[in-house]
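1. Need a 3D model of the sequence below.
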Amino acid sequence: MYDVATDDARGRRRLRRVAQACQAYGQRVQKSVFECVLSEADQEMLIARLRSEMDETADSVRIYRLREPLSEHLLTFGAGPSFDQRDPLVF
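-> Residues are numbered from 1 along each chain as shown. Next up, the predicted model:
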């Protein structure tokens with residue numbers, strides 16, 4: 001999840017770039033919250049990309065690791081679908 005300061009045009013540009021970086025690795029579940037299934041290498045690449053896009057004096061990123069199996073460590077309820085990102089998507 002992330003919070004990017006959008007007080008000016010540079011902040012809005014950073015917001016788009018941080019969101020694009022997250023979308024490259026996972027699924028958006030809320031406006032600034034993504035679920036990603038990552039190898040250690042992919043996690044390091046995502047972190048490096050996020051750090052290059054953000055302003056660490058004004059923006060913040062939080063990464064929470066969930067243990068497997070997710071069915072034992074993730075509780076979801078309310079609006080919105082819940083699915084395993086590793087399953088194939090059919091359109």
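
2. Go ahead and flag the most central residue of the protein.
-> The residue lying closest to the centre of the chain (C-alpha atoms, centre = their mean) is Phe34, at 3.2 Å.

3. and that residue, what are its bridge partners?
-> Under DSSP bridges, the beta-bridge partners of Phe34 are Arg28.

4. Tell me who's in contact with it.
-> For Phe34, the contact set (C-beta atoms under 8 Å, 6 or more residues apart in numbering) comprises Met1, Cys22, Gln23, Tyr25, Gly26, Gln27, Arg28. C-beta coordinates here come from the backbone N, C-alpha and C atoms, glycine included.

5. Let me see the backbone angles for the nearest residue to Leu46 once chain neighbours are set aside.
-> Spatial nearest neighbour of Leu46, chain neighbours left out: Tyr25 (4.9 Å); criterion: C-beta to C-beta, 6 or more residues apart in numbering. Dihedral angles of Tyr25 (phi, psi; degrees, to the nearest 10) stand at phi -120, psi -10.

6. From Glu72, how far out is Tyr25?
-> Distance, Tyr25 to Glu72, by C-beta to C-beta, to the nearest Å: 24 Å.

7. Those two: who's more crowded?
-> Using other C-beta atoms under 10 Å, the more surrounded residue of Tyr25 and Glu72 is Tyr25, with 17 against 9.
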